[in-house]
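Colleague: Take this sequence and fold it.
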Amino acid sequence: MKKIAHLILENGTVFQGISVGIEGETIGEIVFNTALTGYQEILTDPSYLGQIISFTNPHIGNVGTNKLDEESKKIHANGIITRSISPLDSNYRSTQNLSQYIKKNHIIAISNIDTRKLTHILRNTGSLYGCIQSEKYINIKNAIQKINNYKNKKKIITFTGVNKIKKWNPVQFTDTNNKKRFHVIVYDFGVKTSILKILQNKGCQITLIPSNTSVKKLLSLQPSGVLLSNGPGDPRSYSISIKNIEKLLNFSIPIFGICLGHQILALSLGAKIIKMKFGHHGSNHPVQNISTKRVFITTQNHNFTIDKKSIKNNMIITHISLFDQTVQGIKLKNHPSFSFQGHPESNPGTHDIQKLFDIFIKNMHNKEISNAQKK
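Modeller: As a prediction, this is how the structure comes out:
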């Protein structure tokens with residue numbers, strides 16, 4: 001027998017559907033994702049931590065789930081919203097249907113609601129917080145109060161700095177031939193597995209470090225380059241990381257920022273970050289390279305963007321969104337560093353923009369040549 005579930009928005013709008021996850025209630029910022037495929041990669045993307053994902057594709061789950069398509073070891077989103085979720089899976093790689101996978105990951109989810117209406121609300125009003133309640137937990141009045149408490153708590157946390165990491169063990173990746181040509185240090189804000197795999201396949205040795213690691217410690221690892229990873233939350237709250245990148249820019253080490261890392265690089269250069277009305281979430285976002293005029297179809301997941309008016313003289317805008325003209329890429333004039341707002345690993349999505357990894361590799365190669373000449 002199907003169990004009722006409710007989605008309650010902070011503005012009082014209520015959607016009734018059915019529960020397709022575990023029993024309980026969950027709260028988070030609701031974001032809609034327009035991708036037509038790749039729902040498992042989206043669900044396991046660490047960038048969705050603290051958010052509730054609403055899929056605009058009306059039907060998901062028909063190819064089931066498997067270990068190979070995971071971007072991390074678990075679902076990081078606080079909840080899931082769908083129009084329809086397939087009870088059957090049909091794919092030779094599938095090991096579990098999507099409903100079973102959601103429950104195994106202890107996620108609260110709601111289906112059979114009008115996701116088109118929900119998307120229109122978010123597009124018109126901007127991002128909203130919401131609460132999903134399964135049948136035994138339904139209480140609309142309490143839900144709105146809990147949403148308000150959650151929002152207030154989030155605001156306090158946002159301005160107290162990066163969360164402390166209780167335990168950290170260095171993780172290293174090398175390519176299959178054990179070639180350790182370039183040593184990439186990754187400031188890990190919530191990095192996706194696909195990013196690591198791409199660097200691995202290009203012959204890089206990768207070491208993950210916590211987001212609050214000191215520059216002194218980073219330099220002791222003798223990096224060829226530094227990658228500022230994707231991740232969740234307001235980039236302005238990563239005060240320790242921003243100060244560390246400011247210090248790191250005094251050295252000639254190439255830096256590549258992705259999504260949250262892109263915004264943190266901009267903040268470390270003195271630019272400002274602003275909250276978007278409803279953000280970019282999907283795998284069909286057109287982005288243009290300003291110098292070549294070439295257009296790339298990209299994967300996006302962010303609620304913040306660089307304020308164009310705050311761009312400093314030492315920064316060059318390299319890419320813009322053709323949806324709303326927001327900044328999608330920057331590079332420094334006198335330093336081998338650049339960043340991109342979207343997800344260049346493109347999982348899920350087209351692989352148009354993966355060439356950015358080659359630019360990062362080239363920057364590290366040029367640094368190596370320069371160091372050799374000095375000797």
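Colleague: Not counting sequence-adjacent ones, nearest residue to residue 314?
Modeller: residue 333 (5.3 Å; Cβ to Cβ, 6 or more residues apart in numbering). (Glycine included, C-beta is placed from N, CA and C.)
Colleague: Quick check: the one you found touching residue 317?
Modeller: No. With contact defined as Cβ atoms under 8 Å, residue 333 does not count as touching residue 317 (11.8 Å).
Colleague: related to what we said a few turns ago, got phi/psi on the residue nearest to residue 314?
Modeller: Dihedral angles of residue 333 (phi, psi; degrees, to the nearest 10) stand at phi -80, psi -40.
Colleague: what number of residues lie near it?
Modeller: Residue 333 is flanked by 9 other residues according to other Cβ atoms under 10 Å.
Colleague: What pLDDT does the model give it?
Modeller: You'll see residue 333 listed with a pLDDT of 95.
Colleague: try residue 1
Modeller: 71.
Colleague: Residue 167 now?
Modeller: Residue 167 is assigned 40 on the pLDDT scale.
Colleague: show me where the protein has helices.
Modeller: Here the chain has its helices, by DSSP state H, at 39-43, 98-104, 115-125, 140-158, 193-201, 215-220, 239-248, 260-268, 355-374.
Colleague: which residues does residue 136 contact?
Modeller: residue 23 (Cβ atoms under 8 Å, 6 or more residues apart in numbering).
Colleague: Need the residue closest to the centroid of the chain.
Modeller: The centre of the chain sits closest to residue 47, judged by Cα atoms, centre = their mean, with a distance of 3.1 Å.
Colleague: still on that earlier bit, show me what contacts the residue nearest to residue 314?
Modeller: Residue 333 makes contact with 313-316 under the criterion Cβ under 8 Å, 6+ apart.
Colleague: Highest neighbour count among these?
Modeller: With neighbours defined as other Cβ under 10 Å, the most crowded of the contacts of residue 333 is residue 315; it has 22 neighbours.
Colleague: ok, that residue touching residue 269?
Modeller: Yes. At 5.8 Å, residue 315 and residue 269 qualify as touching, with contact defined as Cβ under 8 Å.
Colleague: Mutual contacts of those two, please.
Modeller: Joint contacts of residue 315 and residue 269 (Cβ under 8 Å, 6+ apart) are residue 332.
Colleague: ok, back up a step: quick one: the residue nearest to the centre of the chain from residue 17, how far?
Modeller: As judged by Cβ to Cβ, to the nearest Å, residue 47 and residue 17 stand 25 Å apart.
Colleague: likewise residue 357?
Modeller: Per Cβ to Cβ, residue 357 is found 40 Å from residue 17.
Colleague: With residue 131 instead?
Modeller: On the measure of Cβ to Cβ, residue 131 and residue 17 end up 13 Å apart.
Colleague: okay, those two: which has more neighbours?
Modeller: Counted by other Cβ under 10 Å, residue 131 and residue 17 do not tie: residue 131 has more neighbours, with 28 against 21.
Colleague: thought the more buried one was touching residue 7?
Modeller: Yes. Counting by Cβ under 8 Å, residue 131 touches residue 7, with 7.4 Å between them.
Colleague: now the strands: where do they sit in the stretch 251-375 of the chain?
Modeller: Along the stretch 251-375 of the chain, counting by DSSP state E, counting those that start in this stretch, strands occupy 255-258, 273-289, 295-306, 315-321, 327-332, 337-340.
Colleague: want to throw those into JSON lines with distance to residue 240?
Modeller: JSON lines is the format used below for these (distance: least, Cβ to Cβ, whole Å):
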{"stretch": "strand 255-258", "distance to residue 240": "16"}
{"stretch": "strand 273-289", "distance to residue 240": "16"}
{"stretch": "strand 295-306", "distance to residue 240": "18"}
{"stretch": "strand 315-321", "distance to residue 240": "22"}
{"stretch": "strand 327-332", "distance to residue 240": "21"}
{"stretch": "strand 337-340", "distance to residue 240": "19"}
